[in-house]
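K.L.:
here is my input, please return the structure:
(one chain, ligands or ions: 1)
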Amino acid sequence: MAKIVLGVWTTHGPQLNTTPEQWMLRLPADRRRRHAYKGKTYSFDELVELRRGEGLAEQITLEARTAKHAANQAAIDQLARVWASVRPDCCVIFGNDQRELVLASMQPCFTVYHGDTFWNGPLSEQRLAGLAPGIRESEWANRPEQRVDYPGMPELARRLISTGLDSGWDFAASDCWPELAPEHHHDGTPHSFAFLVRRVMRDHVVPTLPIITNTFFPPNQPRPWRCFELGKLVHRVVNEWDNDLRVAIFGSGGMTHFVINEEFDRHLITAIEKRDEVFMRSVDPSYMVDGTSELFNWISAAGCLFQTTDLAGGLIDYVPCYRSEAGTGTAQGFITWTKTAQSSFVSISS
Ligand SMILES: [Fe+2]
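P.N.:
As a prediction, the model looks like this:
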């Protein structure tokens, strides 16, 4: 039978792939938009006022940013070492799409990709130039130098779709990884998946089942309890698969952004450490907006990995990467579970 041998929860955003100086390229956009924070929305200036007294000015000096950047890179290196030492045969990635694959004209809540392969490739100069500052500079991490086809897992995908149909899940199914189209924000592999391929697997890609959740876009984002149930279903399907393969599970995205909420992030990390199903199922959906919504993928991974009895591990690092006194930025988190807990070295950078 197939066996889950590795669990990874990791963030994947642009700050992981840009310099501390480049982090600040996102500031003009931060200042322009309104931000979700603790269930309400605020202007940038309102957030500065609200968060006065938290000492955020000290967190955004170049020195502080440089230390956090180093912590991030060390954590990613640790993820890559764990991946290389465990050497799974294949993986399931709970990830999301940001208009790379899925358009608003037909936007499923959950899509199971059952194609034989999926592709990634470099962006054209024209496409690259059209990306927002601070995003453009991070794209190296999500793109191979040449177009490449990665192996999918059609058999496991169809098992998931079929078992789902027998148990209350009507997944959207796709075997088409779209070619470049003008209305797509990007093309190729969404960064939620590509970051793992490039920076964790280091391009040593194993057959991969992408499960694409619409975390970002109203009106049909999932509920936390449903994501947890999705994870449980994936655990069941993997464990019923009569195939002697060692499987890795990834939850990709988050943590809180574009306004960092350390209290919420730390509660989530603790809930994973304690296998706290009640917390996971009952996360307040009003918090799960903007980039924070990618934590739906963490909840799905938790739903799967909490069912394992022989995996253990813990936090590699938690790094709240602020870039303004409004608390904008992205909180980075990295957790691994393995059979030997070889990945666990707890250190909190804050
Ligand atoms: Fe993302």
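
K.L.:
isn't residue 38 right up against residue 261?
P.N.:
Yes. Counting by CB atoms under 8 Å, residue 38 does reach residue 261; the two are 6.4 Å apart. For the C-beta atoms, the positions are set from N, CA and C on the backbone; glycine is no exception.

K.L.:
which neighbours do the two have in common?
P.N.:
residue 287 (CB atoms under 8 Å, 6 or more residues apart in numbering).

K.L.:
and the helices in this protein?
P.N.:
In the chain, the helices defined using DSSP state H lie at 20-23, 27-32, 44-50, 56-59, 62-86, 125-130, 154-165, 191-195, 224-239, 262-273, 277-281, 295-305.

K.L.:
looking at those, which has the lowest confidence?
P.N.:
Of all these, mean pLDDT reaches its minimum on helix 125-130 (a mean of 86).

K.L.:
what comes up buried for it?
P.N.:
For helix 125-130, a neighbour-count test (16 or more other CB atoms under 10 Å) marks residue 127 as buried.

K.L.:
centre of the chain to it, how far?
P.N.:
24 Å (CA atoms, centre = their mean, to the nearest Å).

K.L.:
so which elements touch it?
P.N.:
If contacts are counted by 3 or more CB pairs under 8 Å, 6 or more residues apart in numbering; DSSP states H and E, helix 125-130 sits against no helix or strand.

K.L.:
so what's residue 347 scoring on pLDDT?
P.N.:
Confidence score, pLDDT, at residue 347: 46.

K.L.:
can you tell which of the helices of the chain is closest to residue 209?
P.N.:
helix 154-165 (5.3 Å; CB to CB).

K.L.:
show me what the closest one is packed against.
P.N.:
Secondary-structure packing of helix 154-165 (3+ CB pairs under 8 Å, 6+ apart): strand 110-113, strand 208-213, helix 224-239.

K.L.:
dump these to TSV, plus mean neighbour count.
P.N.:
Formatted as TSV, the helices and strands packed on helix 154-165 follow (neighbours: other CB atoms under 10 Å):
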stretch	mean neighbour count
strand 110-113	21
strand 208-213	26
helix 224-239	22
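
K.L.:
how about those, which one is nearest residue 46?
P.N.:
Residue 46 lies closest, by CB to CB, to one member of the helices and strands packed on helix 154-165: helix 224-239, at 27.3 Å.

K.L.:
from the chain's centre, how far out is the closest one? Work that out for me.
P.N.:
Counting by CA atoms, centre = their mean, helix 224-239 comes out at 17 Å from the chain centroid.

K.L.:
what does it rub up against?
P.N.:
Contacts for helix 224-239 (CB under 8 Å, 6+ apart): 1-4, 92, 94, 110, 156, 159-160, 163-164, 167, 169, 211, 213, 222, 247, 249, 277, 280-283, 285, 288, 296-297, 299-308.

K.L.:
deepest-packed of the helices of the chain, please.
P.N.:
Burial of the helices of the chain is given as mean neighbour count (mean count of other CB atoms under 10 Å); helix 295-305 ranks first at a mean of 29.

K.L.:
so which elements touch that one?
P.N.:
Packing partners of helix 295-305 (3+ CB pairs under 8 Å, 6+ apart): strand 3-10, strand 90-96, strand 208-213, helix 224-239, strand 246-252, helix 262-273, helix 277-281.

K.L.:
mind putting these into JSON lines with distance to residue 135?
P.N.:
Formatted as JSON lines, these follow (distance: least, CB to CB, whole Å):
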{"stretch": "strand 3-10", "distance to residue 135": "19"}
{"stretch": "strand 90-96", "distance to residue 135": "16"}
{"stretch": "strand 208-213", "distance to residue 135": "20"}
{"stretch": "helix 224-239", "distance to residue 135": "26"}
{"stretch": "strand 246-252", "distance to residue 135": "17"}
{"stretch": "helix 262-273", "distance to residue 135": "22"}
{"stretch": "helix 277-281", "distance to residue 135": "30"}
